[in-house]
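Visitor: heads up, no residue letters with this:
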């Protein structure tokens, strides 16, 4: 997979970094952008009590949040400059308790289209040096062009 | 839909309230439990900058978080005392920007089963007295019995 | 919900009927178009051994097929003349064995958009006069304009 | 991934073959079991007019049918003898028209659990020697033990 013709790898990384920096919700979670490559974005989330549900695991909604951003930004790496991105839908299967020291969401593009792009994210829970798949998301991302306020 | 035989309506409401109170992530979001009825739970989320994505809308992950809790607690109203609940999977379709003064997630049980319960949540965005459907979730919730630390 | 400005209710019904008639797969299943209304389409499928899986229930794929067509045609009732429709994605939850005399898929539009329309279908299994919800689908349908061979 | 302790690879293949042979709907479609390995099952579907929708592509429901069976049988390869399998839910993203000479659904287990198993299937459309990903499914399969008539 290659970056859009008009943007260099550095420009793509800068674009994703700038947009991620504007996602206040990622700061609320404590999530960090870990890696950007053509068609791939990884996001890290340290496990913390303020993210947990009633059994002490990270809430499925917090897991979904980093998986959704990883999918969306993976998709954005393939989109032309000036376009914005919105998630149309996603599904997540929760496979194991999200616990340990940190979660890593690894997003990648499955198929990039002009209007719709399918991305997938695997979320791994890392505990004591062991990494375990705890969730799997598929997300449909929509390219938005020419709408005020929706540009990335 | 009726509450489990062994629990009165008051006991069900107390059970949901106690479990919701332990979801630290709901406090992080600023979400409040609005209504509990047999098979139905509503959760309110005031829109706030700390929840937003890069275009100023509430992040799809935050929308999903209240929808997931609304589905899960709607399902829990139908479960026997002592059982715990986990989400096995959910899918959410995002229909309109989540913006305005507040979001309301209305969860309800579609079919309660012994092991798996299907619930649905509609999320409405309220702005200037107008309420608009902004997301729709279906969630599969799993009844957990006899596992340490997973009881609600 | 109203039909597209340019088409009368009769024209919408004729349009759906003509497109359904071209779905050879519906004939293979034995499915019939039962009802067309603005934003709503019902499809009937008599239960038959040629549709079954290994336990004697109707295969989840056959259930999905009528639910998908019910969603797609419900969405098509809201689209401008000349446009074609494709399903971008769907999710189905299977709630009870699909058995009895016949299945009815009731599709309806949740939100009609210019490019994407969300529809939902409930599938009921009818046995000895009792109707039971056996599946629930949400589907994202895409309006296709100006592509050769994709017009409905 | 290994086959259940009590079954040899040959026994697993025989088990899947016997169950597939009882799926009358697979014969209605014209689908064939192509390959069985621990945690993996491939199903082939020759493209034929009786499977098509109104634009001449294979109907999304037919695509889903082989993907669902590929997921379910991939999951069954990991289950103990005597258990039966049912699909609880699946989601499919349709990425390109399902056309050409034949479709191949490649199912594989993502995580096998005692009660729930997540499987994924990629569906490829083969035309003139070129294979193209046309659909992606994730499916939650449920292990059924001790229910009359549900054994595979």
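Guide: It's in. The model shown is predicted, which means the values in this text are computed figures rather than measured ones. Numbering: from 1, shown residues only, chains lettered A, B, ... in the order given.
Visitor: Which positions in the longest helix along chain A come out as buried?
Guide: As assigned by DSSP state H, the longest helix anywhere in chain A is helix A:60-76. Buried residues in helix A:60-76, counting neighbours by 16 or more other CB atoms under 10 Å in any protein chain shown, are found at A:60-76. In short, each C-beta sits where N, CA and C put it, glycine included.
Visitor: I'd guess residue A:10 is in a helix, am I close?
Guide: Yes. Membership of residue A:10 in a helix is supported by DSSP: H, G, I helix; E, B strand; the rest coil.
Visitor: Neighbours of it, how many?
Guide: 9 (other CB atoms under 10 Å in any protein chain shown).
Visitor: Which pLDDT value belongs to it?
Guide: What the model reports as pLDDT for residue A:10 is 93.
Visitor: How are the helices of chain A distributed by residue range?
Guide: Secondary structure of chain A (DSSP H): helices at A:9-22, A:24-29, A:60-76.
Visitor: Give me the helices and strands touching the longest helix of chain A, please.
Guide: helix A:9-22, helix A:24-29, strand A:40-46, strand A:84-94, strand A:102-111, strand A:116-127, strand A:130-144, helix B:60-76 (3 or more CB pairs under 8 Å, 6 or more residues apart in numbering or on different chains; DSSP states H and E).
Visitor: how near is the closest residue to residue A:32 other than its chain neighbours to residue A:104?
Guide: Among residues not flanking residue A:32 along the chain, residue A:44 sits closest, at 4.9 Å (CB to CB, 6 or more residues apart in numbering or on different chains). Noted for residue A:44: a distance of 6 Å to residue A:104, by CB to CB, to the nearest Å.
Visitor: These two: which is more packed in?
Guide: residue A:104 (20 against 17).
Visitor: wait, the more buried one sits on residue A:132?
Guide: No. With contact defined as CB atoms under 8 Å, residue A:104 does not reach residue A:132; the gap is 10.8 Å.
Visitor: what's the overlap in contacts for the two?
Guide: A:124, A:126 (CB atoms under 8 Å, 6 or more residues apart in numbering or on different chains).
Visitor: Just give the closest residue to the residue nearest in space to the middle of chain A, not the sequence neighbours.
Guide: Closest to where the C-alpha atoms of chain A average out (CA atoms, centre = their mean) is residue A:70, at 1.1 Å. Leaving aside its sequence neighbours, residue A:70 sits nearest to residue A:107 (CB to CB, 6+ apart; 3.0 Å).
Visitor: Give me the neighbour count for residue A:126.
Guide: When counting by other CB under 10 Å, one arrives at 18 neighbours for residue A:126.
Visitor: now the one 3 residues further on
Guide: Residue A:129: 7 surrounding residues under other CB under 10 Å.
Visitor: so where's chain A uncertain?
Guide: The model of chain A has pLDDT under 70 over residues A:1-5.
Visitor: and it, which of its residues are near chain D?
Guide: A:91, A:93, A:95-96, A:110-111, A:113, A:118, A:120, A:133, A:136, A:138, A:140 (CB under 8 Å from any CB of the partner chain).
Visitor: what does chain A put close to chain C?
Guide: Within chain A, the positions near chain C by CB under 8 Å from any CB are A:88-89, A:91, A:115-116, A:140, A:142.
Visitor: 10 Å - rerun?
Guide: A:88-91, A:113, A:115-116, A:118, A:138, A:140, A:142 (CB under 10 Å from any CB of the partner chain).
Visitor: Name only those of these that count as buried.
Guide: By 16+ other CB under 10 Å, these give A:88-91, A:113, A:116, A:118, A:138, A:140, A:142 as buried.
Visitor: Could you pull out the residues contacting both of residue A:44 and residue A:104?
Guide: Common neighbours of residue A:44 and residue A:104, using CB atoms under 10 Å, 6 or more residues apart in numbering or on different chains, are A:34-35, A:66, A:70, A:126.
Visitor: Identify, from the residues you listed, the entry nearest to residue C:52.
Guide: residue A:70 (40.6 Å; CB to CB).
Visitor: The closest one and residue C:87: what is the separation?
Guide: Applying CB to CB to residue A:70 and residue C:87 gives a distance of 25 Å.
Visitor: and what of residue A:10?
Guide: Per CB to CB, residue A:10 is found 38 Å from residue C:87.
Visitor: try residue A:33
Guide: Relative to residue C:87, residue A:33 is positioned 34 Å away (criterion: CB to CB).
Visitor: Repeat that for residue A:125.
Guide: Applying CB to CB to residue A:125 and residue C:87 gives a distance of 34 Å.
Visitor: Equivalent analysis for residue A:75, please.
Guide: Residue A:75 is 20 Å from residue C:87, by CB to CB.
Visitor: And residue A:80, by the same measure?
Guide: 26 Å.
Visitor: Between those two, which is the more surrounded one?
Guide: Neighbours were counted for residue A:80 and for residue C:87 using other CB under 10 Å; residue C:87 has more, 24 against 12.
Visitor: returning to what we had before: output the helices of chain A as a markdown table; include the columns distance to residue D:49.
Guide: What follows is the helices of chain A, written out as a markdown table (distance: least, CB to CB, whole Å):
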| stretch | distance to residue D:49 |
| --- | --- |
| helix A:9-22 | 44 |
| helix A:24-29 | 50 |
| helix A:60-76 | 36 |
